[in-house]
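here is my input; please provide its structure:
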Amino acid sequence: MPTPNITNIQHPLIQHKLTLMRDSNTPSAEFRQLLREISHLMAYEVCRDLETEMVQINTPLEAMASPKLKGKKLCLVSILRAGNGLLEGMLELVPLARVGHIGLYRDPETLNPVQYYLKLPDQIDMRLTIVVDPMLATGHSAIAAVQRLKENGASHIKFVCLLAAPEGIDAFASAHPDVPIYTAAIDRELNDHGYIMPGLGDAGDRIYGTK
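You can find the predicted model right below:
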């Protein structure tokens with residue numbers, strides 16, 4: 001089993017907001033806002049190693065060389081539907097990013113992912129691709145999503161989630177050892193239904209107020 005390449009982001013603001021999200025009494029509107037705020041904060045860590053190049057500009061006082069992002073705009077790929085909750089905050093930080101969507105749902109019997117939608121930006125092979133989904137539980141959906149991206153040419157990929165279970169981390173690292181994982185918490189385990197424990201429930205349902 002490959003050693004997982006995982007970054008557990010322990011910033012106090014993120015952990016505080018995550019505690020509020022875990023609370024079963026937190027309503028959907030507040031849950032969505034907290035998720036947007038956390039994703040905004042997580043994006044700083046995820047984008048820490050973006051390449052820059054020096055460019056010449058004129059300030060109101062003088063000319064100078066200053067750093068600017070280099071290369072193609074990065075690509076954010078949301079695993080529908082819950083991934084859109086993380087996508088919102090990251091887009092606020094990098095509004096010029098290209099956006100892709102992968103539609104996957106978990107078969108309730110096998111827990112395996114079934115694809116129903118795929119739309120990606122062009123030249124994805126030349127972009128850093130950041131895949132977002134709040135939960136890395138069994139890992140099946142994340143593994144399948146990253147595999148679809150690789151089949152479409154993506155080679156520089158990161159995976160970002162709010163919560164991860166040890167089982168999902170191990171499965172993902174085994175399938176995609178070249179893809180780093182960024183998360184705000186590593187929880188205890190999965191239950192018999194494939195939910196993260198203690199977790200925060202079904203992220204999609206809590207974002208959109210459905211059951």
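
with adjacent residues omitted, what lies nearest to Ala88?
Check again: residue 88 is Glu, not Ala. Take Glu88 and drop its neighbours on the chain: the residue closest to it by CB to CB, 6 or more residues apart in numbering is Arg36, 4.8 Å away. In short, each C-beta sits where N, CA and C put it, glycine included.

against Ala184, how distant is the one you found?
As judged by CB to CB, to the nearest Å, Arg36 and Ala184 stand 13 Å apart.

which SS state does Thr210 fall under?
Following DSSP: H, G, I helix; E, B strand; the rest coil, we place Thr210 in the coil state.

quick one: contacts for the nearest residue to it once chain neighbours are set aside?
Of all residues not flanking Thr210 in the chain, Gly204 sits nearest, at 7.2 Å (CB to CB, 6+ apart). The contact partners of Gly204, by CB atoms under 8 Å, 6 or more residues apart in numbering, come to 81-82, 210.

and the residue nearest to Glu88, what element?
helix 28-46 (DSSP states H and E).

which strand or helix spans the nearest residue in space to Val46 that is not next to it in sequence?
Spatially, and ignoring its direct neighbours in sequence, Val46 is nearest to Tyr182 (5.2 Å; CB to CB, 6+ apart). Here Tyr182 sits within strand 181-183, counting by DSSP H and E.

which residues are contacting whichever helix or strand comes after that strand?
Following strand 181-183 in sequence order, the next helix or strand is strand 185-186 (DSSP H and E). Strand 185-186 has contacts (CB under 8 Å, 6+ apart) with 6, 8, 15, 18, 162-166, 169.

show me the helices in the chain, by range?
12-22, 28-46, 83-93, 140-151, 166-175, 203-208 (DSSP state H).

can you put those helices in CSV and add mean pLDDT?
Formatted as CSV, these follow (pLDDT from 0 to 100):
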stretch, mean pLDDT
helix 12-22, 97
helix 28-46, 94
helix 83-93, 90
helix 140-151, 94
helix 166-175, 96
helix 203-208, 88
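
tell me how far the nearest residue in space to Glu37 that is not next to it in sequence lies from Met64.
Nearest residue to Glu37, sequence neighbours excluded (CB to CB, 6+ apart): Lys17, at 5.8 Å. Applying CB to CB, the value for Lys17 to Met64 is 37 Å.

His156 too?
For His156, the distance to Met64 - CB to CB - is 30 Å.

please apply the same query to Gly89.
Taking CB to CB as the measure, Gly89 falls 31 Å from Met64.

cool, and Ile79?
41 Å.

list the residues that contact the residue lying closest to Arg206 once chain neighbours are set aside.
Leaving aside its chain neighbours, Arg206 sits nearest to Phe31 (5.0 Å; criterion: CB to CB, 6+ apart). Residues counted as contacts of Phe31 (CB under 8 Å, 6+ apart) are 21, 206-207.

residues contacting the nearest residue to Arg22 once chain neighbours are set aside?
Leaving aside its sequence neighbours, Arg22 sits nearest to Leu200 (CB to CB, 6+ apart; 4.6 Å). Neighbouring residues of Leu200 by CB under 8 Å, 6+ apart: 21-22, 162-163, 206.
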